[in-house]
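Chemist: Here is my input; please provide its structure:
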Amino acid sequence: MRAEPICIDDAGDPRIAGYRAIRERDLVGREKRFVAEGKVVLNVLFSARRFEAESALILDRRLDGMADTLALAQPDMPVYVASQDVMDAIAGFHIHRGVLALGLRRGDEDADALLAGLPDDALVVALSGISNHDNVGAIFRNAAAFEADAVLLDAACCDPLYRKAIRVSVGAALKVPFAVPGDEEALFAALARNGIAQIALSPSGADDIAAIARQGRTALWLGTEGEGLAKATMARMRTVRIPMSPGFDSLNVATAGAIALQRLWRPR
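Modeler: Numbers count the residues shown, from 1 in each chain. This next block holds a predicted model:
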């Protein structure tokens, strides 16, 4: 049975220290924790159980409407409740959603172990140099929508557990397994070692994505906007493009990734 919510009336209360100055600590880290924000995201955090939820901080007037969501969490997880003024003082800005949770990061995932455990028809998304949190969050959302089994990121990508990336992903970053094997070369090598066919998406790709027949375990590479994937990397794999008007040369990387993933998707 869940314990009664704990009322917080002082922004300096040490029990909610992990929620203080959220925006500033997004940039410097919060000791192996991350902040999840919004009811839909908390639903994923509590139900997927990929990450442990340490606590929740809920606006007092939102508490009744959060009963079903909080019921998904471990019964011993503390639930803190605060007024709007106190919650804003804790966060350092106006929290209009009024729904937060602290999650605990896992240890670094071993890419080879992750890939080795994937099914024979696995679909993997490989990201290189994508440093925009909106794009990373949207790509994770697309990966979940089209049942990708994992996301691999190189070290130049931004953190999928950054608060904004989690929010844009609608919680998918808390559900889809991911690993960061190192730089772009290490990412390529990990996929090759595990017998995964690699396809690079680029406006200059040789083949139309619509003509690709996915066979066996496949990884779709997406690169940073502007520079895209390194030519040396693309030279080692099949390249595909999304045909579009000759008057325009490219799509947002997350949008392009969604189109390509839908083409490669096999409903399970």
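Chemist: which intervals of this protein have sub-threshold pLDDT?
Modeler: 1, 24-30 (pLDDT under 70).
Chemist: What are the boundaries of the strands in it?
Modeler: Assigned by DSSP state E, the strands in the chain fall at 6-7, 33-37, 52-59, 79-82, 99-104, 123-128, 150-154, 178-182, 197-201, 207-208, 218-223, 238-241.
Chemist: Out of those strands, which gets nearest to D112?
Modeler: Closest to D112 of those, according to C-beta to C-beta: strand 178-182, at 7.9 Å. Every C-beta, even on glycine, is put in place using the N, C-alpha and C of the backbone.
Chemist: Give me the helices and strands touching that closest one, please.
Modeler: When contacts are defined as 3 or more C-beta pairs under 8 Å, 6 or more residues apart in numbering; DSSP states H and E, strand 178-182 sits against helix 111-116, strand 150-154, helix 184-193.
Chemist: what comes up buried for that strand?
Modeler: The neighbour-count check on strand 178-182 (16 or more other C-beta atoms under 10 Å) flags F178, A179, V180, P181 as buried.
Chemist: and that strand with strand 123-128, angle?
Modeler: If you take axes from the mean of the first three to the mean of the last three C-alpha atoms, to 10 degrees, strand 178-182 sits at 40 degrees to strand 123-128.
Chemist: next one: strand 178-182 to chain centre, how far?
Modeler: Relative to the centre of its chain, strand 178-182 is centred 13 Å away, using C-alpha atoms, centre = their mean, to the nearest Å.
Chemist: Only alpha carbons, please: show that strand as CSV.
Modeler: The C-alpha coordinates for strand 178-182 follow below in CSV (Å, rounded to 0.1, in the frame of the first residue of the first chain):
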residue,chain,number,x,y,z
PHE,A,178,20.5,2.6,-25.9
ALA,A,179,24.2,2.6,-25.6
VAL,A,180,27.1,4.9,-26.4
PRO,A,181,30.1,2.8,-27.6
GLY,A,182,32.4,5.7,-28.3
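Chemist: okay, the angle between that strand and strand 150-154?
Modeler: Angle, strand 178-182 to strand 150-154, by the same axes, to 10 degrees: 30 degrees.
Chemist: which stretches of the protein form helices?
Modeler: Here the chain has its helices, by DSSP state H, at 22-28, 39-48, 67-70, 84-91, 111-116, 133-145, 163-168, 184-193, 231-234, 253-264.
Chemist: I'd like to know which of these is closest to A200.
Modeler: Nearest of the helices of the chain to A200, taken as C-beta to C-beta: helix 231-234 at 4.6 Å.
Chemist: who's in contact with D76?
Modeler: A3 (C-beta atoms under 8 Å, 6 or more residues apart in numbering).
Chemist: where's it relative to C7, distance?
Modeler: 18 Å (C-beta to C-beta, to the nearest Å).
Chemist: closest to Y19 among the buried residues of strand 178-182?
Modeler: Y19 has its nearest neighbour among those in F178, at 24.6 Å by C-beta to C-beta.
Chemist: How about the contacts made by the residue nearest the centre of the chain?
Modeler: The chain has A173 as the residue nearest its centroid, 2.5 Å off, counting by C-alpha atoms, centre = their mean. Under the criterion of C-beta under 8 Å, 6+ apart, the contact list for A173 reads V136, G137, F140, P160, L161, A165, I166.
Chemist: is it true that the third one touches Y162?
Modeler: No: F140 lies out of contact with Y162 (C-beta atoms under 8 Å); the separation is 11.4 Å.
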